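K.L.:
model the following, please.
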Amino acid sequence: MGDGEEARGQGEQGKQGEQGEKELIPHAQFPIPNSQFPIPNPQFPIPNSQYPKCFMASTFSFDIVSDFDRQELVNAVDQVIRDIKGRYDLKDTETTVELVEESINVSTDSEFTLDSVHTVLREKAAKRNLSQKIFDFGKVESASGNRVRQEIKLKKGISQEIAKQISKLIRDEFKKVQASIQGDAVRVSAKSKDDLQEVMQRLKQEDYPVALQFTNYR
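P.N.:
Coordinates of the predicted model:
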């Protein structure tokens, strides 16, 4: 074979190679064998209308918690202290009301005035949209100088026992809704928003010993 023919042969092979390269299509746009969905490829985006539903959010959920607004409680206690100082039946009793991390400590001159402090505290809390169920009134104890004192614990979080009761109610009455206990809260999920709304309305009819709120709705 002459030099000319050899050069022409190499040129034709080069052209065929270039055409072959141009015809190559990235493999990622094709379904992998035995795979239901293609691998997403930035060069060949899949239209939203054709995107597999399994990649989209298919459930809705919310959390059931028991909590309170700490700042509103601070404001309520401040109002209680001001009222005590201004009321004729309490201002000379040397009553003290102290809000600490997990309780309210009250010291006063008698159980009678202690009841009055309870009344004021409940009124101020209600005006601040704080549930009465956050207060756990402890035992009244005797203090020096013929005085009395009491620790009012602040209830926060759902106990395991109550969380199990809530979960059981949801499982028994709402077959399409799932409930799972997560620490001191309960996560509720379903494919229908209407089902979740029905669960909320149902739980509002129950009288649990703790205040319930519905949060993180998504």
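
K.L.:
can you give me the strands in this structure?
P.N.:
60-65, 96-99, 103-108, 135-137, 141-143, 147-154, 177-182, 185-190, 213-215 (DSSP state E).

K.L.:
any chance you could map the helices in this structure?
P.N.:
Along the chain, counting by DSSP state H, helices occupy 3-23, 70-86, 111-127, 160-173, 193-204.

K.L.:
turn those into CSV, columns for distance to Ser180 and mean pLDDT.
P.N.:
C-beta here means a position set from N, CA and C on the backbone, and glycine is covered the same way. Below are the helices of the chain laid out as CSV (distance: least, C-beta to C-beta, whole Å; pLDDT from 0 to 100):
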stretch, distance to Ser180, mean pLDDT
helix 3-23, 53, 52
helix 70-86, 27, 96
helix 111-127, 32, 96
helix 160-173, 7, 96
helix 193-204, 13, 96
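
K.L.:
which residue packs closest to Ser110, ignoring adjacent ones?
P.N.:
Distance criterion C-beta to C-beta, 6 or more residues apart in numbering; nearest residue to Ser110, sequence neighbours excluded, is Val148 at 6.4 Å.

K.L.:
looking at it, Glu198 is touching Lys175, isn't it?
P.N.:
No. Counting by C-beta atoms under 8 Å, Glu198 stays clear of Lys175, with 11.8 Å between them.

K.L.:
which one of those two has more residues nearby?
P.N.:
Between Glu198 and Lys175, counting by other C-beta atoms under 10 Å, Glu198 is the more crowded of the two (16 against 8).

K.L.:
roughly how far does that one sit from Ala190?
P.N.:
According to C-beta to C-beta, to the nearest Å, Glu198 stands 9 Å off from Ala190.

K.L.:
so what sits against both of the two?
P.N.:
Phe174 (C-beta atoms under 8 Å, 6 or more residues apart in numbering).

K.L.:
mind listing what the nearest residue to Lys133 once chain neighbours are set aside touches?
P.N.:
Nearest non-adjacent residue to Lys133, counting by C-beta to C-beta, 6+ apart: Ala211, 4.4 Å away. For Ala211, the contact set (C-beta under 8 Å, 6+ apart) comprises Ser66, Asp67, Phe68, Ser131, Lys133, Ile134, Lys155.
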